[in-house]
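> Everything below, folded, please.
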Amino acid sequence: MSNQFHTAVKWLKAFRSSPEDVVAMYAEPFVFTDPILDQHGITSREDLLRVFGPYANADTTNGIGINNFRIDEVIGDEQAAVYRWTWEARKAQAFLGIPTPDRTPGSRGLTLHFYDREGRITRDESYWDAVSALAPFVPQIDRANKFKPVS
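The predicted structure follows:
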């Protein structure tokens, strides 16, 4: 396995342990962007801690869900890498405001990381498919055609 794969696994495992563990992997300065969640140009460690907080949830009864990420592929080198990943949130009671009590929401996505000389993250951009995550819970969404006509 490549060094970049180990870095990707370490990054995603940190999500389960604590937001502090994730944020410790970021350089100073850094920039974080997740446009799907309308998080653009985050440069504050305090803000990043808030962003990553829910992912370390271990309580199966609070409705937040247990977030699991799996690394599917890593392409890159010591300067930058792209991670292709799969995510699911077991026991989540809602996702993006849509109730999800009977099924597990999940999606696939990509994260682009740039690193400094010490291997810390200087830039993080994540892109994922919210439509496929919500499709099982919203009858008007069709995964292939995106939206069905509303009658």
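> so who does residue 118 touch?
Under the criterion of C-beta atoms under 8 Å, 6 or more residues apart in numbering, the contact partners of residue 118 comprise residue 27. Glycine gets a C-beta too; all of them are placed from N, C-alpha and C.
> what about it, which SS state?
Secondary structure assignment for residue 118 (DSSP: H, G, I helix; E, B strand; the rest coil): coil.
> For it, give its distance to residue 58.
30 Å (C-beta to C-beta, to the nearest Å).
> Repeat that for residue 50.
18 Å.
> who's more crowded, the two?
Between residue 50 and residue 58, counted using other C-beta atoms under 10 Å, residue 50 has the larger neighbour count: 13 against 9.
> Make sure that one is indeed in a helix.
Yes: Residue 50 forms part of a helix when assessed by three-state DSSP.
> Can you tell me, leaving aside adjacent residues, what's nearest to it?
Once flanking residues are discounted, residue 50 sits nearest to residue 19: 7.9 Å by C-beta to C-beta, 6 or more residues apart in numbering.
> So that neighbour sits against residue 46, correct?
No: counting by C-beta atoms under 8 Å, residue 19 sits too far from residue 46 to count as a contact (10.5 Å).
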